[in-house]
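**Student:** Got a predicted structure plus its sequence, pasted below:
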Amino acid sequence: MSDVSGISDSNGLSVGAAPTARPGPGAVRLTGYAHGGGCACKIPPGELETIVAALAGTPAPVSPAGELIVGLDDGDDAAVVRLDGCRAVVVTADFFTPVVDDPYDWGRVAAANALSDVYAVGGEPLVAVNLLGWPRERLPLELAEEVLRGGLDVARAAGCHVSGGHSVDDPEPKYGMAVTGLADPERLLRIGAGRPGLPISLTKPLGVGVLNTRHKATGEVFEQAVAAMTTLNRDASRAALAAGVECATDVTGFGLLGHLYKLARAGRVTAVVDVAAVPYLEGAREALRDGYVSGGTRRNLDWVRPRLDPGGYGEDELLLLADAQTSGGLLVAGEIPGAPVIGELVPFEGPHLRLR
């Protein structure tokens, strides 16, 4: 295994060195074995866009299997290939380091998060394969079994098959899924389909990031965060399609502001956020007050700041709006039952983001 010296976990074990004996399942805090947690571990959005810039816009090969109709150009959540007039295949992959200490819950969160990319483009998941990185000399394999069981249970609840996957010996535990789904190519949710005059709806409250950061530091368990992260975006996606919505994305590691900026930029509009209307999980503001803010959240805010009219709001409010979410809700350009309206899209007026 490669050396990742300088990273320590809460059990006093150096990530770069194997302990003399592996801890038992009840003694493990999984979040302590990773340098970050969940989608907060994403490569920062500005750096990621630099990496993939040369790939976007390249001509797609002629394929007998079908036409690529959703690719890299706007940063949609999954790739979509048209098979025929009424069927398209949706493909995505997502994995990350532990966001909670309980291995079964981590598996459930990671699976819900991976499935979300299919729902975010208006598809239905069909089959998934596991992606597992495991420090096999440092963590019991029984924990890995629990992680996989959690992922399987969520996939089953989604009506999605799970068959096999791939694993590697890794200094840090990582888990997720590659998911294939089906969609109607004429009824997709696209990140760039937003138009002036549409309301902006958010289907899950924010605050997962600061609560998970507090959990990693203190071991406190926040059931409201686990419940939010393990809730499938299936019903929200179906409701959006039923309402005739054409534009959506999900809110994950780049935070509400980061994903809303990408949506507004792709649609060449300005997104106006009614800050008082944005919902938060219980305890989120207290976690922020006590300083539990991830590095990923601060990088999110740094990235969107030049594209943002803050409307007089202070740093704390901006950090909550940029909070790096894991398995967050759908951000919908339209109204759907049960989802609060948090703003609107207006004609482009300079910055792509404005708070009021």
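**Tutor:** Yep, that arrived.
**Student:** Arg238: what's it in contact with?
**Tutor:** Residues near Arg238 by CB atoms under 8 Å, 6 or more residues apart in numbering: none. Quick note: C-beta positions are derived from backbone N, CA and C, even for glycine.
**Student:** So it: helix, strand or coil?
**Tutor:** Going by DSSP: H, G, I helix; E, B strand; the rest coil, the secondary structure assigned to Arg238 is helix.
**Student:** What separation do you get for Leu152 and Asp117?
**Tutor:** Leu152 is 18 Å from Asp117, where distance means CB to CB, to the nearest Å.
**Student:** And those two? Which one has more around it.
**Tutor:** Neighbours were counted for Leu152 and for Asp117 using other CB atoms under 10 Å; Asp117 has more, 26 against 17.
**Student:** The more buried one contacts Gly75, doesn't it?
**Tutor:** No. Asp117 is not in contact with Gly75 according to CB atoms under 8 Å; the separation is 11.7 Å.
**Student:** which parts of stretch 342-356 are buried?
**Tutor:** 342-345, 351-355 (16 or more other CB atoms under 10 Å).
**Student:** for stretch 92-104, that is, sorry about that
**Tutor:** Neighbour count says stretch 92-104 has 92-104 buried, by 16+ other CB under 10 Å.
**Student:** Nearest to Arg195 among those residues?
**Tutor:** Checking the buried residues of stretch 92-104 against Arg195 with CB to CB, the nearest one is Thr92 at 25.3 Å.
**Student:** That closest one reaches Ala178, doesn't it?
**Tutor:** Yes. In this structure, Thr92 is within contact of Ala178 by CB under 8 Å, at 7.2 Å.
**Student:** so what sits against both of these two?
**Tutor:** Ala114.
**Student:** Let me have the buried residues of stretch 342-356 in CSV, extended by pLDDT and secondary structure.
**Tutor:** Shown next, in CSV, are these (pLDDT from 0 to 100; DSSP: H, G, I helix; E, B strand; the rest coil):
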residue, pLDDT, secondary structure
Ile342, 98, strand
Gly343, 98, strand
Glu344, 98, strand
Leu345, 98, strand
Pro351, 95, coil
His352, 96, coil
Leu353, 97, strand
Arg354, 97, strand
Leu355, 98, strand
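**Student:** Okay, strands next: where are they in the protein?
**Tutor:** 67-70, 79-82, 88-96, 124-134, 161-169, 174-183, 199-202, 248-250, 269-273, 308-309, 330-333, 341-347, 353-355 (DSSP state E).
**Student:** Now do the same contact list for Arg285.
**Tutor:** 207, 320.
**Student:** Right, I'll call it a day here.
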